[in-house]
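J.: heads up, no residue letters with this:
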C-alpha cells in the first residue's frame with residue numbers, strides 16, 4: 001500500500017515508517033521540520049535499507065498537498081502533523097486550532113481531490129479530560145481540559161463526520177496515552193527541540209548532564225506515592241498500532257476510536273527508579289508544586305484495540321527505560337551534534 005505520512009520525521013512518525021516498511025508498504029513523508037530534522041529520514045533509510053520519498057511543506061498548504069497527492073497518489077494517509085504541547089496550547093490557542101484543526105481540514109480536502117478514502121489519525125487520551133472512571137474506555141465522556149485536547153477532539157469530530165458522509169471512507173482515531181522509549185538500534189528516538197515537555201526525555205537529559213534536575217510536580221495526589229500516575233507505552237508498540245490500524249481500515253469503513261496504551265500506570269517516582277536502574281546512576285529531583293491542569297491518574301482500557309485491531313503492547317517499563325537511555329547516551333545532543 002502507498003502511505004502518505006504527514007509529520008513522518010517526528011518521534012512517533014519515524015518509528016512508524018520503519019514498521020510500515022517492514023510490512024512492505026511504500027511510504028512518503030510530508031513534514032515542515034518545525035519539530036524534527038531531515039537527519040531522521042536519513043537514519044530511517046539506513047535502518048530499513050529502503051526508499052523514503054519526502055517533501056518539505058506545511059499540511060495547511062493546499063498547493064503543496066495537491067502536489068504531493070498528485071505525484072505519490074496515496075492509498076492511505078497517516079496524519080501525525082500537528083502541535084502537541086499542552087502548556088503552549090493555552091498560550092497560543094489560535095495557532096493550535098489553526099494547525100491541528102485547519103491542517104486536518106486541508107488534508108481531507110486534498111484527499112478528496114484524489115479519491116483517497118483512508119486515514120489513520122494521531123489523537124490523544126487528553127480528549128477524555130478529568131476521569132469519571134478508570135481505566136478510560138472509548139465510551140468515557142470527552143471533556144478536554146486544554147486547548148491541545150480540544151483541538152484533537154475537534155479533529156476527531158471532523159474525521160467522523162467526513163467518514164460518515166464519504167462513501168467507502170475509513171478514519172481510525174488512535175488515542176495515545178504516553179509514548180516513551182526508542183528504537184532498539186538507538187539510531188532514532190525522541191529529540192525535543194527545546195526544554196522537554198514530557199517526563200522521560202527530561203529524565204534522560206538529566207542523566208546525560210544536559211539538565212541539572214527533574215522537577216516533580218506535586219507529591220500530594222491520591223496515588224500510592226503521591227505523584228501522578230500515567231499509562232506509558234513504548235513507541236515501537238505505538239508504531240505497530242498504526243500498521244494494525246491500517247490493515248483494519250482497509251476492511252472497515254466508518255470512523256472508530258481506539259485507546260493505545262498498556263493498561264498499566266506508573267508514577268513519576270516509578271519512572272525515575274526504572275531509569276536509574278537502566279543508566280546506573282541517581283537522577284537528581286526537586287520537589288515542586290502541582291501544575292495547573294494536571295490530573296492524578298490516567299490509565300487505558302485497550303481491550304477494543306486487542307479485539308478489533310489484533311494489537312497489544314509487548315514492551316514493559318524496563319524496555320522503555322533501557323531503550324531511552326541507549327538512545328540518549330548514544331546521542332546526547334539528539335540528531336544535532338552541535339546542539
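T.: Arrived safely. Values in this document were obtained by computation on a predicted structure and should not be read as measured data.
J.: can you pull the contacts of residue 270?
T.: 225, 317 (Cβ atoms under 8 Å, 6 or more residues apart in numbering). (Glycine included, C-beta is placed from N, CA and C.)
J.: Wait, a helix at it?
T.: Yes. Applying DSSP: H, G, I helix; E, B strand; the rest coil, one finds residue 270 inside a helix.
J.: how close does it sit to residue 73?
T.: Per Cβ to Cβ, to the nearest Å, residue 270 is found 46 Å from residue 73.
J.: cool, and residue 160?
T.: 25 Å.
J.: Likewise for residue 123?
T.: Taking Cβ to Cβ, one finds residue 123 at 26 Å from residue 73.
J.: Comparing these two, which residue is more hemmed in?
T.: residue 123 (24 against 13; other Cβ atoms under 10 Å).
J.: is it true that the more buried one touches residue 158?
T.: No. Between residue 123 and residue 158 there is no contact under Cβ atoms under 8 Å: 11.6 Å.
J.: What is the neighbour count of residue 287?
T.: Going by other Cβ under 10 Å, the residues that sit close to residue 287 add up to 11.
J.: cool, and the one 4 residues further on?
T.: Summarising burial for residue 291: neighbours were counted as other Cβ under 10 Å, giving 12.
J.: what's the pLDDT at it?
T.: We have a pLDDT of 84 for residue 291.
J.: Just list the residues touching it, thanks.
T.: For residue 291, counting by Cβ under 8 Å, 6+ apart, the contacting residues are 217-218.
J.: Torsion angles phi and psi at it?
T.: phi -90, psi 140 (degrees, to the nearest 10).
J.: Residue 264 versus that one, what's the distance?
T.: Taking Cβ to Cβ, one finds residue 291 at 23 Å from residue 264.
J.: distance between the ends of stretch 262-272?
T.: Using Cα to Cα, to the nearest Å, one end of stretch 262-272 lies 19 Å from the other.
J.: That should have said stretch 255-269, apologies.
T.: Note: stretch 255-269 ends 38 Å apart using Cα to Cα.
J.: just how off-centre is that stretch within its chain?
T.: 12 Å (Cα atoms, centre = their mean, to the nearest Å).
J.: same thing with stretch 186-199?
T.: Between the centre of stretch 186-199 and the centre of its chain there are 12 Å (Cα atoms, centre = their mean).
J.: can you pull the buried residues of that stretch?
T.: For stretch 186-199, a neighbour-count test (16 or more other Cβ atoms under 10 Å) marks 186-192, 196, 198-199 as buried.
J.: just stretch 314-334 next, same as before
T.: Those buried within stretch 314-334 under the rule 16+ other Cβ under 10 Å are 315, 317, 319-328, 331, 334.
J.: possible to save those residues as JSON lines with distance to residue 284?
T.: Converted to JSON lines, the buried residues of stretch 314-334 look like this (distance: Cβ to Cβ, whole Å):
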{"residue": "315", "distance to residue 284": "27"}
{"residue": "317", "distance to residue 284": "21"}
{"residue": "319", "distance to residue 284": "24"}
{"residue": "320", "distance to residue 284": "21"}
{"residue": "321", "distance to residue 284": "17"}
{"residue": "322", "distance to residue 284": "20"}
{"residue": "323", "distance to residue 284": "22"}
{"residue": "324", "distance to residue 284": "17"}
{"residue": "325", "distance to residue 284": "16"}
{"residue": "326", "distance to residue 284": "21"}
{"residue": "327", "distance to residue 284": "21"}
{"residue": "328", "distance to residue 284": "16"}
{"residue": "331", "distance to residue 284": "21"}
{"residue": "334", "distance to residue 284": "21"}
